[in-house]
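> Take a look and give me a structure for this.
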Amino acid sequence: MNVFGVTGYKDAGKTELVSGLVTYFKEAGLKVSTIKRSHHSVDLDRPGTDTHRHREAGAEEVMLVSDARYLMMKELAAPMPLVDILERFAAVDLVLVEGFKSEQHPKIEAHRAETNQPWIYPKNQSVKAIATDQEVSCALPQFDLNDVAGIADFIQSNAVPFESLRT
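Residues are numbered from 1 along each chain as shown. Predicted structure coming up:
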């Protein structure tokens, strides 16, 4: 299972890029999974549902299962490191990781000029390329944000095996 990330600030184009990459890799015959990091207190459950009642009663894990999919909710005492998250995935060809700026897996930085956000790559050695809508003077490989095929080729050449992230 190989791993590669897409990072950047809010509205940089990360989700659009990851979605395009998933479609591209699936059409190429690869099995792909994704991880999305949120800094918000996301809760997919709602008060009044059976699963919410289970959690409120103190269940450590609650699984909601339908005929088409399942959702596992686990209460965390602290943020979970990326390697611990990856250990929970079924084997696939590629896991695309959206966010997780401070983790050390290789990643491409998505950046839109209109956001006026600072660049991540100058202070983060895990950024191996940038995808942007502007010209940037730097030594890293650069891609247009919409160049899904070019970015996908770069990812396939630079993704790392999950096992290599264990330190």
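
> So in terms of bridging, what pairs with Thr7?
Assessed by DSSP bridges, Thr7 has beta-bridge partners Glu109.

> can you tell me which residues contact it?
The contact partners of Thr7, taken as CB atoms under 8 Å, 6 or more residues apart in numbering, are 14, 98-101, 107-110, 120, 124, 127. C-beta: built from backbone N, CA, C; applies to glycine.

> any chance of the residues you listed in a markdown table, plus secondary structure?
Shown next, in a markdown table, are the contacts of Thr7 (DSSP: H, G, I helix; E, B strand; the rest coil):
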| residue | secondary structure |
| --- | --- |
| Lys14 | helix |
| Glu98 | strand |
| Gly99 | coil |
| Phe100 | coil |
| Lys101 | coil |
| Lys107 | strand |
| Ile108 | strand |
| Glu109 | strand |
| Ala110 | strand |
| Ile120 | coil |
| Asn124 | coil |
| Val127 | strand |
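
> wait, Gly13 sits on Ala113?
No. Because the distance of 10.9 Å does not satisfy CB atoms under 8 Å, Gly13 is recorded as not touching Ala113.

> So between those two, which is more surrounded?
Neighbours of Gly13 and Ala113, each counted by other CB atoms under 10 Å, are more numerous for Gly13; the result is 19 against 11.

> ok, of the contacts of Thr7, which come out buried?
Neighbour-count burial within these applies to 14, 98-101, 107-110, 120, 127; the criterion is 16 or more other CB atoms under 10 Å.

> chain center to stretch 96-111, what's the gap?
Distance of stretch 96-111 from its chain centroid, counting by CA atoms, centre = their mean, to the nearest Å, is 7 Å.

> average model confidence for that stretch?
Mean pLDDT, stretch 96-111: 95.

> First-to-last residue distance for that stretch?
Looking at stretch 96-111, the gap from its leading to its trailing residue is 17 Å under the measure CA to CA, to the nearest Å.

> What ranges does this protein have for its strands?
Along the chain, counting by DSSP state E, strands occupy 2-7, 32-36, 61-65, 70-74, 94-98, 107-111, 127-132, 142-144, 160-161.

> Thank you kindly, that will do.
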